[in-house]
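Trainee: got a predicted model here, sequence first, then my questions.
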Amino acid sequence: MSVAAVQAGALKVAVSPATYREAYAGFSKWYIETYIRPGKMAQPIVSMMVTIGFTGYFIEYFAVGRYHVAHKKAKIDAALKEYDAHHGGGHH
């Protein structure tokens, strides 16, 4: 079998919806049998809450927070430049 044929076969598997459907079904079955059926609802709820919290924090930081940090840094740099030009740098 040629390398191109192997790559084509791997690509076919990677883009096939059945691949992801089977993985989701397996994960769902494992998750239900591990956490929900034995009556342990606290662990999945807490893990979902933590996951949503971390995801929300990172989305907020990358969407908004880094611009606020850059803006604050620019304001501090401008204030220090003005201070040094007019008030600071005296000969002591």
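Mentor: Good, I have the coordinates.

Trainee: using CSV, write out the CA atom coordinates for stretch 50-63.
Mentor: Provided in CSV are the C-alpha atoms of stretch 50-63 (Å, rounded to 0.1, in the frame of the first residue of the first chain):
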residue,chain,number,x,y,z
VAL,A,50,-15.5,24.2,37.1
THR,A,51,-15.1,23.5,33.3
ILE,A,52,-17.6,26.2,32.5
GLY,A,53,-15.9,28.7,34.9
PHE,A,54,-12.5,28.1,33.4
THR,A,55,-13.8,28.3,29.9
GLY,A,56,-15.7,31.5,30.6
TYR,A,57,-12.6,33.1,32.2
PHE,A,58,-10.3,32.3,29.3
ILE,A,59,-12.8,33.4,26.7
GLU,A,60,-13.4,36.7,28.6
TYR,A,61,-9.6,37.3,28.9
PHE,A,62,-8.9,36.6,25.3
ALA,A,63,-11.9,38.5,24.0
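
Trainee: who's in contact with it?
Mentor: In this structure, no residues lie in contact with stretch 50-63 by Cβ atoms under 8 Å, 6 or more residues apart in numbering. Quick note: C-beta positions are derived from backbone N, CA and C, even for glycine.

Trainee: and it, what's buried?
Mentor: For stretch 50-63, a neighbour-count test (16 or more other Cβ atoms under 10 Å) marks nothing as buried.

Trainee: let's number from 39 now, not from 1
Mentor: Yep, numbering from 39; the last one is stretch 88-101 now.

Trainee: what separates that stretch from the chain centre, distance-wise?
Mentor: Centroid displacement of stretch 88-101 relative to its chain, using Cα atoms, centre = their mean, to the nearest Å, is 7 Å.

Trainee: average pLDDT for it?
Mentor: What stretch 88-101 shows for mean pLDDT is 88.

Trainee: for stretch 41-51, same thing?
Mentor: 84.

Trainee: and A43, what element?
Mentor: When elements are defined using DSSP states H and E, A43 is found to belong to helix 41-53.

Trainee: for that helix, give me every contacting residue.
Mentor: T57.
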